[in-house]
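Novice: got a structure for you, letters missing:
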């Protein structure tokens, strides 16, 4: 099995040295120096919390190297998952849970594009997502895909072979409304035509 090239970055040298010493003996990974960062597959960022300094470091890693980012934080709160992911983090580990085995699993997963979040935070994140869907998106006729429910209905009928007039009858819309829905979808998502829109919806699992 090919070893995953990883480098470690922290604001304080003691934290960095601790993670490096935990990873260096492991056969699954190859620890690189800072001067080799551009050859790394995964960067492990060590911080006390998911604060502005940590996020700045993560963004710098993502901007300057091809590495996926794993963040080891002393404190992780409920809202930190979304904040970290928005900054480009693929794996999150609490420092208290960062055993060598755990770190290696998250690093190897990140190298293949697999995300990792502490299970208790994942459960709460899913609760937050459900609340957002029920209280914010659904009342506005929206979904997490960025498509409104009626846009999905129109695309589903096109995929079933309905023409514009048949869709209008089926959904009790005017033909102009159906055409406007299609125009909005293709323009917003930069799709070429209705066939491309249907292909997009199928690929994304929307219909």
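Specialist: In hand now; what should we look at? Not measured: the values here are computed from a predicted model.

Novice: from residue 158, how far out is the spatially most central residue of the chain?
Specialist: Closest residue to the average C-alpha location of the chain: residue 85 at 6.0 Å, with Cα atoms, centre = their mean. Here the distance between residue 85 and residue 158 works out to 33 Å (Cβ to Cβ, to the nearest Å). Quick note: C-beta positions are derived from backbone N, CA and C, even for glycine.

Novice: before we move on, which element is residue 161 in?
Specialist: Counting by DSSP states H and E, there is no helix or strand that carries residue 161.

Novice: re earlier: give me the helices and strands touching the helix or strand that the residue nearest to the centre of the chain is a member of, please.
Specialist: Secondary structure assigned from DSSP H and E places residue 85 in helix 80-87. Packed against helix 80-87 by the contact rule (3 or more Cβ pairs under 8 Å, 6 or more residues apart in numbering; DSSP states H and E) you find helix 52-64, strand 68-75, strand 89-94, helix 119-132.

Novice: go again with 6 Å.
Specialist: If contacts are counted by 3 or more Cβ pairs under 6 Å, 6 or more residues apart in numbering; DSSP states H and E, helix 80-87 sits against helix 52-64.

Novice: name the residues that touch the helix it packs on?
Specialist: Here helix 52-64 makes contact (Cβ atoms under 6 Å, 6 or more residues apart in numbering) with 43, 45, 47, 67, 69, 87-89.

Novice: assign residue 45 to helix, strand or coil.
Specialist: strand (DSSP: H, G, I helix; E, B strand; the rest coil).
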